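A.B. asks: Curious how this folds, go ahead:
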Amino acid sequence: MALSVSVLLALVMLCSNPACSQDCALHSSHGNPETFTLLSQMEKISILSCLKDRTDFSFPQMLVDGNKFEKTEATLVMHEMLQQIFHLFSKSDSLVAWDETLLDKFLAGLHQQVDDLETCLEEEKNVELLSENSRLAVKRYFHGIILYLEKKVYSHCAWEVVRVEIRRCLFFINELTAKLRK
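C.D. replies: The predicted structure is shown next:
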């Protein structure tokens, strides 16, 4: 009988792990406030001095209404966005724009969130068939951001405008996670 209790206890502990949980997509690391805070701390120049460089990156309208997302599709969208943000800030051109220590912490936080979401997505079947439109919308959105940076020759103001836009993305992920937890 003691062995049965031990096995049950082990299963309970194992399944309290987010990778085993049915609500994996809603793990607390997704929409991580620390990542948002680090990005805010990375500000080097005031956005007010860069007003002439502002642009509308056209955040995908289909993503704005996150209420329509199933948990799996929301997980895919969050994964794609975090992956795109990671790649954007991993570019060698971003090193000159940011404090290296803050950038490293920011990238480490993003990497952890991407890994956690990949674990969640591995549990889902036919995940590739879902939300290709949403995934493409995210890729187009980030492609526009990259084109903007190239056009502005990766200037400090261009990076600051992008940093503010990425805060919007992280806020979207936070809001989406909160909606899905309800």
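A.B. asks: next SSE after the helix or strand of the chain with the lowest mean pLDDT?
C.D. replies: One helix or strand of the chain scores below all others by mean pLDDT, DSSP states H and E: helix 2-15, with a mean of 33. Using DSSP states H and E, the helix or strand that follows helix 2-15 in sequence is helix 33-41.
A.B. asks: Leaving out the residues flanking it, which one is nearest to T35?
C.D. replies: Of all residues not flanking T35 in the chain, G109 sits nearest, at 4.2 Å (C-beta to C-beta, 6 or more residues apart in numbering). All C-beta spots, glycine's among them, are computed from the backbone N, C-alpha and C.
A.B. asks: what comes up buried for the helix or strand containing that neighbour?
C.D. replies: For G109, the host element (DSSP H and E) is helix 100-123. The neighbour-count check on helix 100-123 (16 or more other C-beta atoms under 10 Å) flags 102-103, 105-107, 109-110, 113-114, 116-117, 120-121 as buried.
A.B. asks: which among these gets closest to P60?
C.D. replies: Distance to P60 across the buried residues of helix 100-123 (C-beta to C-beta) is lowest for L117, with 18.5 Å.
A.B. asks: Next one: that closest one from I45, what distance?
C.D. replies: 32 Å (C-beta to C-beta, to the nearest Å).
A.B. asks: same check, this time on I146
C.D. replies: 21 Å.
A.B. asks: now do K91
C.D. replies: 19 Å.
A.B. asks: now this protein, which segments are flagged as low pLDDT?
C.D. replies: Applying pLDDT under 70 to the chain flags residues 1-31, 65-68, 124-131.
A.B. asks: so where's the longest helix in it?
C.D. replies: Counting by DSSP state H, the longest helix found in the chain is helix 156-181.
A.B. asks: ok, back up a step: show me what the helix holding G109 is packed up against.
C.D. replies: helix 33-41, helix 71-90 (3 or more C-beta pairs under 8 Å, 6 or more residues apart in numbering; DSSP states H and E).
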